[in-house]
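Participant: Predicted model and sequence below, questions to follow.
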Amino acid sequence: MDKLKKVLSGQDTEDRGGLSEGTLLLWVPRKGLPLFAVFYTLGNIASIGSTIFLMGPVKQLKRMFEPTRLIATIMVLLCFALTLCSAFWWHNKGLALIFCILQSLALTWYSLSFIPYARDAVKKCFATCLA
C-alpha cells in the first residue's frame with residue numbers, strides 16, 4: 001500500500017529500467033539495432049507461439065490461415081520479416097522502429113481476430129472517433 005501511495009503522489013524514485021533498457025539497445029552503435037530487432041521479433045513470435053500449448057501446433061496453423069484472419073496473419077509475418085530486413089540488410093534504425101510499431105499493431109489486430117466481434121467493435125470505435 002505504501003508503494004501505491006508513493007507512486008500516486010509522485011514520490012516514487014525507483015528506477016523502472018525494464019522498458020528504457022530494452023529501447024536503449026536500439027541506439028547502441030553497430031550491434032544494437034540487429035539485437036533489438038531480433039529480440040523484439042522473437043518476443044512477438046513467442047506470444048503467437050504461446051497459444052500452441054492451448055490448441056496444439058497443427059490446429060494453431062490451421063486457425064492462423066483461416067479466411068477470417070488470413071490478411072492479419074500475412075501482415076504479422078510480413079512485419080516480422082521487414083523488421084529484420086531493416087535491421088540486418090538496410091541498417092535503418094528509423095525504419096526498424098516503424099516496423100516494430102507496425103508489428104505491434106498487426107499483432108494486436110491478429111489477436112483481436114480470435115475474439116468474436118472484437119474487430120468490428122474496434123472498427124466502429126475508430127469510425128465514431130474519427131467522424
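Facilitator: Thanks, I have it.
Participant: Give me the residue at the spatial middle of this protein.
Facilitator: The centroid of the chain falls nearest to residue 104 when counting by Cα atoms, centre = their mean (2.8 Å).
Participant: Can you tell me what sits against the helix or strand harbouring that one?
Facilitator: Using DSSP states H and E, residue 104 sits in helix 93-112. Outside helix 93-112, the residues within contact range by Cβ atoms under 8 Å, 6 or more residues apart in numbering are 26-27, 33, 36-37, 40-41, 44, 47-48, 69, 72-73, 75-76, 78-80, 82-83, 86-87, 118-119, 122. Yep, even glycine has a C-beta here, placed from its N, CA and C like the rest.
Participant: tell me which element the closest residue to residue 91 other than its chain neighbours is part of?
Facilitator: Excluding its sequence neighbours, the residue lying closest to residue 91 (Cβ to Cβ, 6 or more residues apart in numbering) is residue 33, at 6.9 Å. If you go by DSSP H and E, residue 33 is part of helix 32-49.
Participant: Can you name the element that comes right after that helix?
Facilitator: Going down the chain from helix 32-49, the next helix or strand is helix 52-55, by DSSP H and E.
Participant: roughly how far is that following helix from the heart of the chain?
Facilitator: 20 Å (Cα atoms, centre = their mean, to the nearest Å).
Participant: what's the average pLDDT for that helix?
Facilitator: Across helix 52-55, pLDDT averages out at 87.
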